[in-house]
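**Student:** Sequence and predicted structure below; questions after.
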Amino acid sequence: MRAALVTGGSIALVGIIAIALGKRIVARTETVSDQLPALVSGGLGGLALVIIGCVVTYVQVGRVLAQRERESQAGVIDDALALADMKRARLEAEAAAAAEPARTARRTTRTGSARPRATKPRRAA
């Protein structure tokens, strides 16, 4: 970004210097035929350089800001994905913990001791 500012600023500065030199030449000459070339080359040329310098700076700063915004958005997306993964892992752990007492509850007796149920042999009818 610094190079863009230096480049654009330098072009604009050269334009301002050209405008100042053109004004100086126009102020020192009395005939219009001598003033017109100085006005065109110094004034309009300098104005064009100032505009080009400002446009270069504006475009480069816009590019840098767009890149920073993309990086920021990528960081937000990464954070959101990490948060979603953490939430999914938490929900899976809660589901596993909720399923475990249900299995244990089937094997417990009225007193709460966890011992396997004895099965009675069935009689053939």
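**Tutor:** Thanks, I have it.

**Student:** could you say what helices and strands the longest helix along the chain packs with?
**Tutor:** The single longest helix within the chain, with elements called by DSSP state H, is helix 45-107. Under the contact criterion of 3 or more Cβ pairs under 8 Å, 6 or more residues apart in numbering; DSSP states H and E, helix 45-107 touches helix 2-28. Glycine gets a C-beta too; all of them are placed from N, C-alpha and C.

**Student:** Show me how far the helix it packs on is from its chain's centre.
**Tutor:** Averaging C-alpha positions (Cα atoms, centre = their mean, to the nearest Å) puts helix 2-28 34 Å from its chain's average.

**Student:** average model confidence for that helix?
**Tutor:** Mean pLDDT, helix 2-28: 89.

**Student:** Next: stretch 56-72.
**Tutor:** On average, stretch 56-72 scores 92.

**Student:** buried ones in that stretch?
**Tutor:** 56-57, 60 (16 or more other Cβ atoms under 10 Å).

**Student:** got a list of contacts for that stretch?
**Tutor:** Residues from elsewhere that reach stretch 56-72, judged by Cβ atoms under 8 Å, 6 or more residues apart in numbering: 1, 3-5, 7-9, 11-12.

**Student:** just how off-centre is it within its chain?
**Tutor:** On Cα atoms, centre = their mean, the centre of stretch 56-72 falls 9 Å from that of its chain.

**Student:** likewise stretch 81-88?
**Tutor:** With Cα atoms, centre = their mean, you get 21 Å for stretch 81-88.

**Student:** Over to stretch 54-63?
**Tutor:** The answer for stretch 54-63 is 17 Å, by Cα atoms, centre = their mean.

**Student:** cool, and stretch 37-57?
**Tutor:** Mean-position distance between stretch 37-57 and its chain equals 34 Å (Cα atoms, centre = their mean).

**Student:** circling back to that earlier point, between the longest helix of the chain and helix 2-28, how many degrees?
**Tutor:** Calculated by axes from the mean of the first three to the mean of the last three Cα atoms, to 10 degrees, helix 45-107 forms an angle of 160 degrees with helix 2-28.

**Student:** List the contacts of Leu5.
**Tutor:** Leu5 makes contact with 57, 60-61, according to Cβ under 8 Å, 6+ apart.
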